[in-house]
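Student: Sharing a sequence plus its predicted fold:
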Amino acid sequence: MKWFRKSRKSAGWMALAADAGRVAAVHGEFTTHGKPQVHRFAVRDGDQPVNALQRTGRELSLSRYRCMTLLDPGEYQIVLVDAPNVARDELKAAIRWRVKDLLDFHIDDVTLDVLDIPQSGDGPARTPTMYAVAARNDAIQARIKQFEQAGIGLSVIDIPETAQRNVAALYEEPNRAIAALHINEHGGLLTFNFRGELFLARRFEVSLAQVGTRDADVREEVHGRILLELQRSLDHFDRQFRAIPVARLLLAPEPEPSGLAEYLASGLGVRVQAIDINEVLDIADGEMDARTQSRLFHLIGTSLRHEQVAL
């Protein structure tokens, strides 16, 4: 069936990921009234990513949407720096000079953006800081080319840290921070939110396969390493933001129960809650099972984008 529609784009964002012949898509929309919405979601298997994207583009009529995708961790760096005291239009140039020796990539080979970390207003003033996000130009161009070959135009290329922030923000409590942990094949990503903003992000080496292993001794050791990383990160957050108590730790959906949530709840000093996105989103296609939530977690988050600044 062919679609005949006006050029006006549908509200919200279509977030897409393509690798190893599989394409995942989430069309979400952030709203200021009621629950944010997931209008549709899909996972399509195929052969080559471009071919799978082309089929997905036809099946989902992607020309009707503002489309976006995510970078993988190896394609960018996110670095915490003191905010330079310069005019806003001079900020990126000043940040570029400040981070040039902190990156694994040459500064001339990256596209730079910044994420502000606001003052909380609830404690003593601290030195203003911000995150510098340095994305490899070759990675950005490769991603754009991949989608262009499939006939899909990208409006935004996002990162998992801000996608995770968007989901965690749905669980925030007034005047308290919230931590969120997501683990996949790229490792563990821990973020701290406060009033809808990303205040801290950390990565550590642990895989989803390790967390869910059937070897009880290995699983116990891996769970113990995760607990130690979380304790250190919570202590670090408390030292940096003493006036902001952490309400709880959110654990992103797992494809299969691993016992991690129960393990962390028994050893961590904050409440632990396993995320079920069905509780906080209005999903048009019905409830989403845990395996699908796990696969689409960051795409869901990035589809709820509602700020203006992007890479």
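Tutor: Nice, thanks for sending it over. Numbering: from 1, shown residues only.
Student: Tell me which residues touch Gly259, please.
Tutor: 219, 223 (CB atoms under 8 Å, 6 or more residues apart in numbering). C-beta here means a position set from N, CA and C on the backbone, and glycine is covered the same way.
Student: mind checking how far it is from Val222?
Tutor: Per CB to CB, to the nearest Å, Gly259 is found 11 Å from Val222.
Student: count of neighbours near Leu198?
Tutor: Residues lying near Leu198 (other CB atoms under 10 Å) number 21.
Student: Could you grab the helix/strand/coil label for it?
Tutor: Each residue gets one of three states, and Leu198 gets strand by DSSP: H, G, I helix; E, B strand; the rest coil.
Student: and it, bridged to which residues?
Tutor: Asn193 (DSSP bridges).
Student: Just confirm it contacts Leu189, I think it does.
Tutor: No: in this structure, Leu198 is not within contact of Leu189 by CB atoms under 8 Å, at 11.4 Å.
Student: Identify the contacts common to the two.
Tutor: In contact with both Leu198 and Leu189: Glu161, using CB under 8 Å, 6+ apart.
Student: what stretches of the stretch 201-311 of the chain score poorly on pLDDT?
Tutor: 307-311 (pLDDT under 70).
Student: what ranges do the strands span in the chain?
Tutor: Applying DSSP state E to the chain gives strands spanning 13-19, 22-29, 37-45, 67-70, 76-82, 110-117, 129-136, 154-158, 177-184, 187-194, 197-204, 246-251, 271-274, 282-283.
Student: Format those as TSV; extra columns: distance to Val167.
Tutor: As requested, the strands of the chain are exported to TSV (distance: least, CB to CB, whole Å):
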stretch	distance to Val167
strand 13-19	12
strand 22-29	10
strand 37-45	11
strand 67-70	13
strand 76-82	17
strand 110-117	16
strand 129-136	18
strand 154-158	13
strand 177-184	7
strand 187-194	9
strand 197-204	12
strand 246-251	8
strand 271-274	12
strand 282-283	13
